[in-house]
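Asker: structure, please.
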Amino acid sequence: MRFGFVTLGANVPSTRFRFYPYENPLTKRGHRCRIWTSYPSVYDFIPAIGWRLSYQLKRANRLLQYSQARWFRPDTIYLERGVFHDQSLWLDCWFRKLAPRLVLDVDDAIFLQFPDKTRQLIEMSDHVVVSNQPLYDYVAQYHSKITEIPTCVSLERYRLRERPTNPPKKPIIGWMGTPSNLPFLAHCAPALRRLAREHAFTLLIVSNTSDPLRTIDLEGIDLRFETWSPDVEIQRLHEMDIGLMPLPADQDWMRYKAATKLVQYMSIGIPAVASPIGVNAMILQDNSVGFAASHEDQWFESLRTLLLDADLRHRMGKAGRALVESKFCIEANIDRLESVLKG
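Answerer: Prediction:
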């Protein structure tokens with residue numbers, strides 16, 4: 001069969017984790033796949049030409065992709081959230097009419113921004129794929145054909161981190177993510193400052209820019225920043241001993257978020273400390289792969305416990321990898337997605 005993926009942007013996390021990794025496995029199963037990606041991404045603009053011209057470029061790019069899709073004649077269009085990050089639906093409707101089957105992927109609370117558009121997208125789809133139970137519950141108000149496929153990693157790409165034979169004297173606590181999420185580190189910064197007064201560690205931050213760090217008080221912490229790129233992503237993760245995933249508890253959007261960072265940490269075999277919001281709460285409920293932390297004392301005690309116990313880190317990391325292999329990897333979910341796309 002022929003599948004056309006209409007996605008948000010080459011470096012948008014949801015595109016990278018929910019669409020790209022499935023292309024090769026589906027191709028190996030005899031399907032023909034095309035990925036049409038917004039340029040610039042639906043959230044970005046090119047500074048040299050400004051917002052208005054960037055939008056015109058996106059629009060022209062999408063129209064070209066629609067023309068390519070007409071020639072490709074897909075059996076199924078797999079649409080990521082929507083063609084544009086605005087209220088418009090006109091091109092979504094064009095793609096809908098182009099293929100016998102439309103599958104909508106919802107991995108975030110887009111309905112908080114565009115409630116009417118999201119409802120209409122759901123209703124005009126043949127099937128909806130969601131990344132977690134809270135999103136499932138929302139979509140179920142408007143559609144009966146829903147499949148939950150969590151945001152996953154490829155086991156082939158996310159290799160298990162080897163346990164160092166000579167561990168460094170200063171363990172590395174790490175965070176990796178987009179600049180928009182970097183300010184969330186403020187929620188665990190007091191615990192990190194307190195921890196740094198008692199124990200030696202390095203805080204490794206991996207992101208596109210360090211600018212948001214200026215607003216976070218990390219005084220007294222041995223801080224190391226590395227610029228993110230797909231080429232070094234796995235290498236930087238392998239340098240970490242403990243992962244961080246703080247989230248604000250007062251934002252509705254957060255309870256619908258995928259546990260992407262947590263899954264990345266688990267996939268390479270390291271434990272994490274994370275805010276117990278949304279999917280995180282389910283993953284961390286039995287403290288087998290990491291710890292949940294809601295306030296400063298919990299962040300401090302959880303990080304301190306992991307920092308001082310390398311064996312515990314290893315056991316939790318091993319359990320996390322096993323969980324990823326059973327539920328949060330492409331290999332465990334490819335059959336389900338293929339079935340949805342085929343209809």
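
Asker: list the buried residues for the helix or strand containing Gln235?
Answerer: Applying DSSP states H and E as the criterion places Gln235 in helix 233-238. Across helix 233-238, burial judged by 16 or more other CB atoms under 10 Å covers Glu233, Ile234, Arg236, Leu237, His238. For the C-beta atoms, the positions are set from N, CA and C on the backbone; glycine is no exception.

Asker: same check, this time on stretch 252-271
Answerer: In terms of neighbour count (16+ other CB under 10 Å), stretch 252-271 has its buried residues at 254-271.

Asker: one more: stretch 209-217?
Answerer: Neighbour-count burial for stretch 209-217, counted by 16+ other CB under 10 Å, picks out Pro212, Leu213, Ile216.

Asker: so which helix or strand takes in Pro230?
Answerer: Per DSSP H and E, Pro230 falls between elements, in no helix or strand.

Asker: can you pull the contacts of it?
Answerer: Taking CB atoms under 8 Å, 6 or more residues apart in numbering as the criterion, Pro230 is in contact with Asn11, Arg16.

Asker: centre-most residue in this structure?
Answerer: For the chain, the residue lying nearest the average C-alpha position, counting by CA atoms, centre = their mean, turns out to be Thr260 (3.9 Å).

Asker: just give the nearest non-adjacent residue to that residue, would you?
Answerer: Here the nearest residue to Thr260 in space, its sequence neighbours aside, is Thr151; by CB to CB, 6 or more residues apart in numbering that works out to 5.1 Å.

Asker: mind giving me the packing neighbours of the helix holding Gln235?
Answerer: strand 172-176, strand 202-207 (3 or more CB pairs under 8 Å, 6 or more residues apart in numbering; DSSP states H and E).

Asker: Gln56 is nearest to which of these?
Answerer: Using CB to CB as the criterion, the shortest distance between Gln56 and these is 29.1 Å, found for strand 202-207.

Asker: what strands line up against that closest one, and which way round?
Answerer: Strand 202-207 pairs in its sheet with strand 172-176 (parallel), strand 222-227 (parallel), by DSSP bridges.

Asker: the residue nearest to the centre of the chain touches Pro150, doesn't it?
Answerer: No: the pair Thr260 and Pro150 does not pass the contact test of CB atoms under 8 Å, sitting 9.5 Å apart.
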